[in-house]
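> Any chance you could fold what I've pasted below:
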Amino acid sequence: MIGSDHGDSTSPEDAFEAGRPRVLFLCSRNAARSQIAEALLFNLLGAEVVVASAGATPAMEVDPMTFDVLDDFGIEWRSHRPKSFSEVMASRWDVVITLCDNRSRG
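Numbers count the residues shown, from 1 in each chain. The predicted structure is shown next:
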């Protein structure tokens, strides 16, 4: 279920019913940019939003430099892992943000 990485068991569908916005960040490997975006938005808005990230070809693990960047913001993110599109695409999203130029070229 999306949101469980944040200790929130709310699904995007439940969030829709509750009026909470659902934001998905997409990237090629879900190892850096999309992980950082997810962490920053979740840290900023917490339970006010359902946020997730995914990649077309997910990496085996989150890039260690991602943790360094998030540490600078005081965000602990080491329990997170890259996710694939298939893990999130069945859910409904209000906003989908792509963070890789090559995804938009089709």
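> Quick check, Ser34 in contact with Ala54.
Yes: using Cβ atoms under 8 Å, Ser34 makes contact with Ala54 at a distance of 7.1 Å. (Glycine included, C-beta is placed from N, CA and C.)
> what's the overlap in contacts for the two?
Shared contacts of Ser34 and Ala54 (Cβ atoms under 8 Å, 6 or more residues apart in numbering): Phe25, Leu26, Cys27.
> Report the rounded mean pLDDT for stretch 53-66.
Over the span of stretch 53-66, the pLDDT mean works out to 97.
> Buried residues, it. List them.
When burial is assessed from 16 or more other Cβ atoms under 10 Å, stretch 53-66 yields the following buried residues: Ser53, Ala54, Gly55, Pro58, Ala59, Val62, Asp63, Thr66.
> could I get these as JSON lines with distance to Arg20?
Below are these laid out as JSON lines (distance: Cβ to Cβ, whole Å):
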{"residue": "Ser53", "distance to Arg20": "17"}
{"residue": "Ala54", "distance to Arg20": "19"}
{"residue": "Gly55", "distance to Arg20": "24"}
{"residue": "Pro58", "distance to Arg20": "25"}
{"residue": "Ala59", "distance to Arg20": "28"}
{"residue": "Val62", "distance to Arg20": "25"}
{"residue": "Asp63", "distance to Arg20": "29"}
{"residue": "Thr66", "distance to Arg20": "25"}
